[in-house]
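Undergrad: have a look at this prediction, sequence included:
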Amino acid sequence: MLHLASLLATPGVHIYGWRHPDADPATDMNFDFYAETTQAAERAKLDAIFLADSVAVPGYEKPEVATTGKSQYPKLAGLEPISLITALAPLTRNIGLIATMTTTYNEPYHVARRMASLDHISKGRAGWNLVTSEAEEESLNFGFEKHVEHSRRYVRGGEFCDVVTALWDSWDEDAFVLDKATGQIFDPAKVRRIDHKGEFFTVQGPLNVPRPPQGHPVIAQAGASDPGRELAARTADLAFVAAQTVDEAKEYYDDVKGRMSRYGRPKDSLRILPGIVPVVADTDEQAARIVDQLAGFLTDEDAVRQLQRWAGDLDLTTLPLDAPLPDLPEVNHAKGRQKMLIDMARRDNLTLGELARRFAGTLGHRLVFGSPQTIADDLQLWYESGAADGFMLIFPYYPRPAIDFFDKVVPELQRRGLFRAEYSGTTLRENLEIPVPANQFHNS
C-alpha cells in the first residue's frame, strides 16, 4: 500500500495562504494546533508528521523585509522541532514523528543523543530529517562569513551520518543487565567506543543513551541534486522530493533506487514520497474556486521576489514578467530545486511571471485540487506508475485543508484498498515497512 506523511509547513506552503479567511495565521506558535493536527493525522493512519526547520530568519536582512515587516517567506519564526516533537510523543501512540536537524551547524554526538532519546520516549517512532542547510543566512549565526560550499556540505553530511549511526550502534540492545545481586550494570562485551577519526569529526563514543528501539531512528532526506541523491541512496530510509510530472518523479525514483545496490541496500529499504499540495472540496469546481482565491492574494511582484532566492546574483525584479526565464547563475544552496524550476519553465514554456506565480503557491511542489475522488485518482495513477511509494502532504494553509484531506481523501484511498485502515505496527519502521538495520559492530 502507499504511504502518506504530512509536512506541517505552518502557517502554510502558499506564501499568502495564511491570509485566507479560513486560515489560522498563528499556527507557528500554537502547540494546541500541532497536537490536534497530529492526532487527526494519526486517526487517519498516516505514517508520520514531518517538521522542517531553519536556524535563521530567512530574508530578514533584505531592506524590504527589515523595514516593512513584510516577507515573501510565510514562516519567519516558530517552535524548535525537537522540543515540539518530544512534546507530541506522549499525546500520540502510532504516528511517526520526524524532525529536521542540520549536519552543517550541529555536531554528530548532539544529534545522535537527541534522536536516540526521542526514539525511546516515543517507543520507536522517531525520525531524523538529515539536511545540509539550504538557507545561506544560517551561516551568519554560526561564525561563518558565508555559506559552506554545496559539495563540501554533502561530504560533511555523509561523514556526520556515519558518526551518528555508529553512535546508535555503540550499545547492543541487551547491553544493560542491571543485576542487583552482583552489582553489574552492563555487559562489557556489548558496548564499544566508535573511535571515529575523519575529515570533519573525531568522536570517541560510546553514546550515553542506549541503542534506540528502532536500532536507528528513521533517516529522511530531501536532496534532489546529484550529491543529495547519492547520500539518499547510501543512508536514507525515506526521501522527500519535489516533482511536477510522473516522468520527472519516475526518473528520480529509478535513479535513486538504482544507486542503492552500490551500498548493498535493497530497493525496498527506502520509501520515496513526492510532495503534493492538495486542495480538497466536495466538487472539482469548488476546489478550483479555492485555488483561484489563493492566487488572488498574490501580486506578480510578490511572486517574483519569492522566486529570487533561486536566481543568485541575477535580479529578476528588473525583468519583464512576460519574458521567458533567463539562464540563471548557479547557486550555492538548493541546486536541485533551481534545476527543477528551470526545467519547469522550459518544459511548459512559462514566462517569468507565470513561473513565479506557480512556484509561490507551492514552493515547487505539485498542486493537486478537486473532489476526494479526483485527488484519489491522481495519487493512484502516480503510485501505480511506479513514480512514488506514497506522498508527502503539504497544505496551503491550516487547519481546514489538512482536516479535509484526512477526513475525505484518506477514506477514499482506503475504499480503493490503496491505504491502510489500521496501523500494521507500533514503530515508524514497521509502518513504513522498512527493516531494522543490523548493528555494524557485531562482525567486528
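TA: Everything's here; your move.

Undergrad: when you work out contacts or count neighbours from here on, use the C-alpha atoms and nothing else.
TA: Will do.

Undergrad: so where's the stretch 51-200 of the chain shaky on pLDDT?
TA: Scanning the stretch 51-200 of the chain with the threshold set as pLDDT under 70 gives 59-67, 69-76.

Undergrad: please enumerate the strands of it.
TA: Secondary structure of the stretch 51-200 of the chain (DSSP state E, counting those that start in this stretch): strands at 96-102, 126-131, 196-197.

Undergrad: can you give me the buried ones in the biggest helix by length in the chain?
TA: Criterion DSSP state H: the longest helix present in the chain is helix 150-168. Neighbour counts over helix 150-168 (16 or more other C-alpha atoms under 10 Å) mark 150-151, 153-154, 156-161, 163-168 as buried.

Undergrad: returning to what we had before: do you know which of the strands of the stretch 51-200 of the chain lies nearest Ala233?
TA: strand 126-131 (13.0 Å; C-alpha to C-alpha).

Undergrad: for the longest helix of the chain, the distance to its chain's centre please.
TA: How far helix 150-168 lies from its chain's middle: 18 Å, per C-alpha atoms, centre = their mean, to the nearest Å.

Undergrad: now that helix - C-alpha only, CSV.
TA: The C-alpha coordinates for helix 150-168 follow below in CSV (Å, rounded to 0.1, in the frame of the first residue of the first chain):
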residue,chain,number,x,y,z
HIS,A,150,27.5,22.9,-1.6
SER,A,151,29.6,19.8,-2.3
ARG,A,152,31.5,20.3,1.0
ARG,A,153,28.3,20.3,2.9
TYR,A,154,27.3,17.0,1.4
VAL,A,155,30.7,15.4,2.2
ARG,A,156,30.4,16.6,5.8
GLY,A,157,26.8,15.4,5.9
GLY,A,158,27.8,11.9,4.8
GLU,A,159,30.5,11.7,7.5
PHE,A,160,28.1,13.2,10.0
CYS,A,161,25.6,10.4,9.3
ASP,A,162,28.3,7.8,9.6
VAL,A,163,29.2,9.0,13.1
VAL,A,164,25.6,9.3,14.2
THR,A,165,24.7,5.7,13.1
ALA,A,166,27.9,4.4,14.7
LEU,A,167,27.0,6.0,18.0
TRP,A,168,23.5,4.5,17.8
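
Undergrad: and stretch 307-326, end to end?
TA: Terminal residues of stretch 307-326 lie 13 Å apart, using C-alpha to C-alpha, to the nearest Å.

Undergrad: can you list contacts of it?
TA: With C-alpha atoms under 8 Å, 6 or more residues apart in numbering as the test, stretch 307-326 has contacts from 300-301, 304-305, 328-331, 334, 337-338, 342, 345, 349-354, 356, 359-360.

Undergrad: for that stretch, give the mean pLDDT please.
TA: Taken as a whole, stretch 307-326 has a mean pLDDT of 76.

Undergrad: repeat that for stretch 355-362.
TA: Stretch 355-362 carries an average pLDDT of 78.

Undergrad: residues contacting it, please?
TA: 13-15, 277, 294-295, 298, 300, 303-304, 306-307, 341, 344-345, 364-365, 396.

Undergrad: look at the residue nearest to Gly275 when sequence neighbours are not counted and give its secondary structure.
TA: With sequence-adjacent residues excluded and distances taken as C-alpha to C-alpha, 6 or more residues apart in numbering, Gly275 is closest to Met392, at 4.5 Å. Following DSSP: H, G, I helix; E, B strand; the rest coil, the label given to Met392 is strand.

Undergrad: what is the end-to-end distance of stretch 25-34?
TA: From start residue to end residue, stretch 25-34 stretches across 13 Å - C-alpha to C-alpha.

Undergrad: no, scratch that, I was asking about stretch 238-245
TA: End-to-end distance of stretch 238-245 (C-alpha to C-alpha): 20 Å.

Undergrad: tell me the buried residues in it?
TA: Of the residues in stretch 238-245, those buried by neighbour count under the rule 16+ other C-alpha under 10 Å are Leu238, Ala239, Phe240, Val241, Ala242, Ala243, Gln244.

Undergrad: now that stretch: average pLDDT?
TA: Stretch 238-245 shows a mean pLDDT of 92.

Undergrad: contacts for that stretch, please.
TA: With C-alpha under 8 Å, 6+ apart as the contact definition, stretch 238-245 has outside contacts at 218-224, 232, 249, 270-276, 337, 340, 344, 364-366, 392.

Undergrad: returning to what we had before: just the buried ones out of the contacts of stretch 307-326, please.
TA: Buried subset of these (neighbour count, 16+ other C-alpha under 10 Å): 300-301, 304-305, 331, 334, 337-338, 342, 345, 350-354, 356, 359-360.
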